[in-house]
Each structure stands twice: as C-alpha cells, then as structure tokens.
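Asks: I would like to see how this sequence folds:
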Amino acid sequence: MFWAELIQRFVHFLDVGAGARVLRMLMVGTMIAALGVWYDLHCFRNFSAPEAMDSAQLARNLAEGRGYVTDFVRPLSVSLVSQKNQAGAAGAAAGTNFDFARLREAHPDLANPPIYPLFLAGWMKVLPFHYAVEFKRSFWAEDGQFARYQPDFLIAVINQLLLLVLVGQTFLIARKLFDPELAWVSALLVLGCEQLWEFSRSGLSTLLVAVIFLGLVRVLMVIEEKARGPEPKVKPLFALAGLAGLLVGAGALTRYGFGGMMVPVVVFLVGFGGREWRRQSLIAAGAFLVVLAPWLLRNYWVGGTLFGTAGFTMAEGSRVHPGLLLERSLHPDWSAVWRIKPLLFKLLANLRLILRDDLPQLGRSWATLLFFAGLLIGFRSLPIRRLRYFLLMSLGVLAVAQALGRPQWSDALPVVNSGNLLVLALPLVLIYGTAFFITCLDQIEMPLLVTAQTLRRAAQAGFVVVLSLPLLGTLISRAPVPVTYPPYYPPDFQKLAGWMKKNELLMSDVPWAVAWYGHRQCLWLTLDTQDDFYAVNDNLKPVSALYLSPESLDVKMFSEGLRAPENSWDKFVFDTYVPAAVPPQSPAHHTFSSITIGGAEAEAVPPQFPLSHSPTGPAAIISGMFLADRVRWPADAPTPVTPRPAAGGP
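Replies: All right, here's what the predicted structure looks like:
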C-alpha cells in the first residue's frame with residue numbers, strides 16, 4: 001500500500017501539481033536547446049563584422065590583464081593621443097624621444113564603450129578559450145581543413161544565451177500588459193526571428209543592448225503603475241527613476257547611440273510619473289550622468305575628446321568626409337569635421353533610407369506591418385497606450401541616432417551591423433503586432449466553444465509558424481561555408497602573425513582581423529603610401545610588415561587602378577601587380593624582378609619602399625599581399641625583392 005500511494009502521489013504531482021509546470025519548462029528548455037544546437041551546427045560562420053573582431057580583441061586584452069588597450073590602432077586615435085600627450089608635456093625638452101602616440105607600448109582604445117568588452121572578458125575568464133586555430137579536432141576542422149574558430153563560436157554562444165534572456169523578458173512584458181496567451185505568441189516570435197539569430201552569431205553587442213532596453217521598459221512599466229495609484233509612495237518612485245537612468249547609462253556604455261534614449265525616458269516621466277515628475281526626471285538624468293561621466297572623463301584624459309574616435313562617426317560618410325577617410329587620417333582637418341550643413345544632409349539622406357527600407361522591414365517580419373496597422377487601434381488599457389507612446393518616441397530617437405551614427409563599414413553588412421539601433425525595439429514591436437493580430441482574430445465568429453478554442457490555438461500556431469518561416473527555411477537549406485572568406489581566413493592571419501614579434505607593428509586594410517585572429521598590433525592603412533606612411537614609419541614606430549587582403553587586391557582595372565590617385569594604395573597595388581603600360585620600344589620599358597604574392601607572380605614594389613621582402617615557397621600561400629622589412633619565414637633560399645626603378649631610370 002505504501003508504494004502504491006507513493007506512486008499515486010507522484011503521478012498526481014506530475015499531472016496537476018507543480019511537477020506539471022516543471023515538465024513543461026523542461027520540455028520547452030529542451031526544444032530551445034535543440035534549436036540552438038541545430039542553428040550552430042548548420043548556420044554558424046566566423047565573424048564578418050569588424051566591430052565584432054574589435055570588441056573581441058579588446059576583451060582578450062582585458063582578460064589577459066593588459067588593461068583597456070587595443071591591438072587595432074586607428075590613425076585618428078594616434079593623432080588624438082599624440083596631441084593630448086604633447087599638450088600635457090608642453091614643457092618637455094625639445095627633441096626628446098618620448099612616445100607621444102603610445103605606439104611603442106600598448107595603445108589605449110578610444111573607439112569602444114567598455115561594458116561589452118568587459119562582458120566578453122568575463123566570459124573568456126569562465127570558459128577555456130583556445131586562440132590557436134584547430135586543424136585536427138572535429139567540428140573545428142573538417143577533413144583536416146580549418147572550419148570554425150573556437151573563440152568566435154564561444155562568443156556566439158554567450159550571445160545566444162542573451163537571446164534567450166530577451167525571449168524571457170518579452171514574455172514577462174507581454175504577460176504584464178496583456179495576458180499569458182499573447183505572451184507565449186510574442187515570445188515565440190522573438191525566438192523564431194531569423195534576424196535576431198543572425199545578430200547572436202555576429203559577435204556584436206546588439207543583444208546585450210536589447211536586454212538592457214527591455215529592462216528599462218520593465219522599470220518604466222512599474223513606475224507608471226505605481227504613479228497611477230491613489231497614494232503613490234515617493235521613495236520607491238525615486239529609486240525606480242534612478243534605476244531607469246542607470247540602465248540608460250549602461251546602455252550608452254555599451255552602444256553610445258543608446259544614450260539618446262534619455263530623451264523618451266524623461267518625456268515618459270514628465271507625462272506619466274505622477275506629481276513628483278520633476279524630481280524623478282532630475283534623478284534619472286543625474287543617475288545617467290553619474291554612470292557616464294567617469295568614462296567620458298577617461299576618454300578626455302587619454303585622447304582629448306569625450307567619446308574618443310567614436311564621436312567622429314557622425315562626421316563620417318558626409319560630403320566633407322566620405323567613406324572611412326576620417327578614421328584613417330593621421331592629420332585630419334579639424335576645422336571641417338563639425339560642419340552643420342554636411343551633418344544635416346547626412347541625417348536627411350539616411351533618414352530617407354530608414355523610412356523607406358529599415359522601418360518597414362524591421363526584423364524582416366510581417367508583424368512589423370501589423371504593428372504599424374495597429375497604431376489605428378485605441379486600446380482601452382492605459383498602461384498599453386502609454387507604453388506604446390514610449391515605443392513610438394524610442395523608434396524616433398533610435399532612427400535619428402542610427403542615421404547620424406551608422407558606421408560606414410556597415411555598407412558591406414546592411415542589416416547585421418552595430419549601427420542598426422532600430423532592432424533594439426523589435427521585441428516590443430512584435431508584442432504590439434501580435435496584439436493587433438489577436439484583436440482581429442477575436443472579431444471572427446467561432447462555432448462551438450471547444451471548436452472555437454481549438455481553431456484559435458491553431459490560428460495562433462499558424463501565425464507563429466508563418467512568421468518563423470525565414471528561420472525554418474535557413475535551418476533546412478543547404479549549410480553555408482562556415483568561413484567568411486574572402487577576406488577573413490583565420491589560419492592566414494595566424495600564419496603571418498607567427499612571422500612577427502609581439503612588439504612589432506603591422507599595417508593592414510583589415511587591422512581588426514589581424515588584431516583578433518593574429519593577436520598582433522596592427523595599424524589601419526594610412527591615407528597614402530608617402531606622407532602619412534612615412535610619418536608613422538620614420539617618426540612614431542617602424543612598420544615591420546604590410547598585409548593587404550583581397551578587399552584591396554580585387555581593385556577594378558580602370559577606375560581603381562589606372563585612374564587611381566598617385567601615392568594611393570590602390571595605385572600601389574596596381575603598380576605592384578601590373579607591368580608598366582608602355583610600348584616595348586620605349587627606353588623607359590624595363591624587365592623588373594618579380595615577387596610572389598599569395599602564390600602568384602607579381603611585379604616589384606615601388607622604389608624606396610622599406611618593405612621589400614615577400615614570402616616564397618610554401619610560405620607564400622596566403623590570401624593576400626604580405627611585404628616585410630626582412631625575411632621572416634622559412635623558405636627555400638629566399639631572396640630580397642628588387643624595388644622597381646623610378647620612371648626614366650637606367
């Protein structure tokens with residue numbers, strides 16, 4: 001009898017007791033884990049976003065105890081640090097060999113806010129990161145060939161855990177505003193959003209900022225609820241307002257553009273914070289400044305600007321500073337940086353693209369269209385209406401911040417990039433889009449009660465499946481190549497890094513990849529091959545090697561080769577690869593000694609260029625051009641490259 005009663009109680013526990021909830025949670029957790037494993041096995045690729053590699057190499061330096069220093073050195077950062085140190089050492093003796101640019105030591109980072117690199121550094125401390133590429137172990141290698149880079153994969157895993165946190169936050173917000181039924185549908189839509197999964201494997205800080213944003217939303221919901229009470233207590237409201245300011249500050253220290261969210265937060269407190277809205281707004285703004293100020297002072301102390309090089313992102317892409325020229329400038333024209341008219345033109349041009357493309361296609365989900373259609377519905381619930389006002393204000397602020405601060409290298413990655421700020425509001429958009437769908441579903445007359453409930457559940461399941469079809473199609477389609485080549489092939493970066501010493505300086509067109517995969521200090525390609533290059537090489541620190549990836553080598557024959565400006569790197573590449581285009585009978589026509597680049601024969605480097613050695617033999621098989629100041633690789637009888645004679649020479 002004892003065992004029969006025990007079994008009966010256990011069955012009751014699993015059937016209608018607390019065990020039923022545990023079983024449901026285990027089943028849901030198992031399904032989510034299976035989805036993550038399937039996605040990683042099928043869709044994972046190494047990093048393709050420069051910002052992801054930049055954050056990762058910075059996090060590794062933090063984890064190794066080197067401090068907030070970077071191996072990816074921007075010429076603009078060199079200029080800022082030099083000017084700041086020279087101004088601080090105005091009384092130093094002239095001619096001293098002081099390292100004002102801090103290139104001979106670890107260079108301070110002025111491009112990244114600190115929270116995401118610190119977050120990754122903690123993850124690197126917890127898990128065993130193996131930075132050497134793997135050629136033998138399965139999954140990391142296939143048939144003896146490199147396939148996946150383990151640190152990239154582990155960073156993707158922590159971002160996928162953040163995605164699960166985002167799903168849970170979406171469920172809690174939707175259940176608080178509406179009901180558990182809508183909460184489950186909204187959470188499943190977030191889980192089935194292909195774009196969020198792409199962000200999870202990108203290595204970007206987007207999902208961490210999205211988690212902070214939804215945390216801010218939950219705090220504002222509590223403030224609104226307490227302020228509506230008959231006799232709201234003042235101290236809890238003040239504490240919550242301070243917490244809201246802290247969250248906005250934390251988001252700004254993860255992505256600078258998020259700092260603009262302080263505007264809708266203050267407007268929300270003014271409108272819905274109750275009688276003490278003035279003090280709540282001041283407390284929130286004060287908490288925001290308390291969090292942000294120490295970091296801004298650090299940047300000013302190191303580089304002379306509050307936001308480092310990131311503050312100049314707004315000026316990039318304007319008519320005055322097209323492309324990425326500003327960050328690659330060693331001697332920028334400061335008077336032309338903050339002109340109002342070019343910034344206004346950039347804002348209007350990018351806002352046009354955002355309104356035309358980004359907003360209607362937010363999350364690549366049809367629920368976005370339902371959200372905009374649902375704006376015509378007036379909800380009876382006061383909290384639902386007020387949070388929708390906050391969401392609309394947030395979309396406006398994020399759109400302006402995205403238009404001004406979108407990095408120019410995001411052109412190659414139009415959706416999954418660090419400049420995409422609108423995606424932070426995607427979970428809320430999905431909640432309100434789902435609310436519109438269910439509101440329309442409620443208008444349909446159903447027959448019998450049981451049948452109606454069954455049809456309702458079937459319609460909701462179909463809604464989730466249809467909106468998740470892009471992710472499902474990706475999972476069942478042919479698996480892509482796990483390596484993002486060209487131009488990023490980790491074994492090549494580690495191969496050329498092995499030829500360099502720790503304290504030597506490289507220069508490259510993909511310095512973020514050299515810094516992350518090769519763990520070597522690398523300066524971004526200067527604007528020209530003469531003045532700026534020799535300003536670094538002769539005055540700051542010798543450039544020991546140059547690496548140009550397929551990004552620079554795949555130049556167009558006419559517009560980027562023959563017609564390239566003199567002393568440009570495009571001209572350098574073209575002249576190195578292509579023989580002089582002069583008739584054979586001309587006295588200026590000569591036969592030049594060749595060099596081996598990427599396993600192919602090329603011409604010689606320009607005259608007087610200090611990097612005149614190229615790898616030969618098996619060492620030459622790398623994807624790009626590598627030139628060094630001396631022979632650094634094992635090869636069969638390597639010989640120096642004879643520089644190309646000047647035009648008209650003997």
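
Asks: Could you pull out the strands in the protein for me?
Replies: Applying DSSP state E to the chain gives strands spanning 69-70, 72-73, 107-108, 141-142, 145-146, 505-508, 522-524, 543-548, 595-597, 600-602, 625-628.

Asks: Adding distance to A293 and mean pLDDT as columns, could you present those strands in TSV?
Replies: All C-beta atoms are positioned from the backbone trio N, CA, C, and that covers glycine. Converted to TSV, the strands of the chain look like this (distance: least, CB to CB, whole Å; pLDDT from 0 to 100):
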stretch	distance to A293	mean pLDDT
strand 69-70	22	96
strand 72-73	26	96
strand 107-108	18	94
strand 141-142	48	85
strand 145-146	45	87
strand 505-508	34	95
strand 522-524	29	96
strand 543-548	37	93
strand 595-597	50	51
strand 600-602	53	50
strand 625-628	44	89
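
Asks: Tell me which residue lies nearest the centroid of this protein.
Replies: Closest residue to the average C-alpha location of the chain: L204 at 3.4 Å, with CA atoms, centre = their mean.

Asks: Would you check how far apart it and A399 are?
Replies: Applying CB to CB, to the nearest Å, one obtains 19 Å for the distance of L204 from A399.

Asks: Run through the residues that contact L472.
Replies: The contact partners of L472, taken as CB atoms under 8 Å, 6 or more residues apart in numbering, are 192, 465.

Asks: Also the one 10 residues further on?
Replies: By CB under 8 Å, 6+ apart, P482 lies in contact with 44-46, 147-148.

Asks: Just among these, which is most surrounded?
Replies: N46 (26 neighbours; other CB atoms under 10 Å).

Asks: give me phi/psi at it?
Replies: The phi and psi torsions at N46 (degrees, to the nearest 10) take the values phi -60, psi 170.

Asks: my guess is it meets P490, correct?
Replies: Yes. Under the criterion of CB atoms under 8 Å, N46 lies in contact with P490, with a separation of 6.6 Å.

Asks: Now for these two: what residues contact both?
Replies: Overlap between the contact sets of N46 and P490, as judged by CB under 8 Å, 6+ apart, is given by 149, 483.

Asks: where does the stretch 501-650 of the chain dip in pLDDT?
Replies: In the prediction, the stretch 501-650 of the chain carries residues with pLDDT under 70 at positions 557-562, 578-604, 617-621, 635-650.

Asks: What does the pLDDT read for T368?
Replies: Among the per-residue scores, T368 holds a pLDDT of 89.

Asks: quick one: contacts for the residue lying closest to it once chain neighbours are set aside?
Replies: Excluding the flanking residues, the one nearest T368 by CB to CB, 6 or more residues apart in numbering is L362, at 4.5 Å. Under the criterion of CB under 8 Å, 6+ apart, the neighbours of L362 are 368, 422-423, 425-426, 429.

Asks: burial measure for Q460, as a count.
Replies: The number of residues packed around Q460, counting by other CB under 10 Å, is 19.

Asks: if you go through the stretch 101-250 of the chain in chain order, where are the helices?
Replies: With DSSP state H, counting those that start in this stretch applied, the stretch 101-250 of the chain shows helices at 115-126, 150-177, 180-191, 194-202, 206-227, 234-252, listed in chain order.

Asks: Return the distance of L237 relative to Q280.
Replies: To Q280, L237 is 6 Å away according to CB to CB.

Asks: Give the residues shared as contacts by the two.
Replies: Each of 223, 273-274 lies in contact with both L237 and Q280 under the rule CB under 8 Å, 6+ apart.

Asks: Using JSON lines, please lay out the residues you listed together with distance to P294.
Replies: Formatted as JSON lines, the entries for the shared contacts of L237 and Q280 read as follows, by distance: CB to CB, whole Å:
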{"residue": "I223", "distance to P294": "26"}
{"residue": "G273", "distance to P294": "27"}
{"residue": "G274", "distance to P294": "31"}
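
Asks: From those, pick the one nearest R520.
Replies: Closest approach between those and R520, by CB to CB: I223, at 49.2 Å.

Asks: Compute the number of surrounding residues for the closest one.
Replies: Here the number of neighbours of I223 (other CB under 10 Å) works out to 26.

Asks: got a pLDDT number for it?
Replies: As summarised for this prediction, I223 has a pLDDT of 94.
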